[in-house]
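Engineer: predicted model, plus sequence, below.
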Amino acid sequence: MKKSICIGLLLTAATAPAAEAPEGAKVFQKWCAPCHAPGVTHPGTHALTAKYAGQKGGVITEWTDI
């Protein structure tokens, strides 16, 4: 999956109305969590943690600026 698609799915889930949040969570769990869930065993989270080196966390579900 391309990076832009992952970000798009996350943004869709993050900006959906509260009534749709459970569906967004399902999408994230299926498509994004394998790489971006918390923990260094997830390559996307590990890479973002290394990239931002303490300036920003690697867990994208904790980001508030996207």
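Structural biologist: The structure has been received and is ready for your questions. The structure displayed is predicted, hence computed values, not measured ones.
Engineer: could you pull out the helices for the protein?
Structural biologist: With DSSP state H as the criterion, the chain has helices at 3-15, 21-27, 33-36, 43-52.
Engineer: where does the chain dip in pLDDT?
Structural biologist: Within the chain, the stretches with pLDDT under 70 are 1-21.
Engineer: what do you get if the cut-off is 50, keeping everything else the same?
Structural biologist: For the chain, applying pLDDT under 50 flags the ranges 1-2, 4-5, 13, 16.
Engineer: tell me the spacing between residue 32 and residue 66.
Structural biologist: Per CB to CB, to the nearest Å, residue 32 is found 13 Å from residue 66. Every residue, glycine included, has its C-beta placed from N, CA and C.
Engineer: again but with residue 28, I slipped
Structural biologist: From residue 28 to residue 66 the distance is 13 Å (CB to CB).
Engineer: between these two, point out the one with more neighbours.
Structural biologist: In terms of neighbours (other CB atoms under 10 Å), residue 28 is the more surrounded of residue 28 and residue 66; the figures are 20 against 9.
Engineer: residue 35: how many residues sit nearby?
Structural biologist: Neighbour number of residue 35 under other CB under 10 Å is 16.
Engineer: who are the neighbours in contact with it?
Structural biologist: With CB atoms under 8 Å, 6 or more residues apart in numbering as the criterion, the residues that contact residue 35 are 6, 42, 43, 44, 45.
Engineer: repeat that for residue 38.
Structural biologist: 45, 59, 61.
Engineer: ok, so of those residues, who is nearest residue 22?
Structural biologist: Residue 22 lies nearest to residue 61 out of the contacts of residue 38, by CB to CB, at 14.5 Å.
Engineer: what about the closest one, neighbour count?
Structural biologist: Around residue 61 there are 16 residues (other CB under 10 Å).
Engineer: with the one 4 residues further on instead?
Structural biologist: By the criterion of other CB under 10 Å, residue 65 has 4 neighbours.
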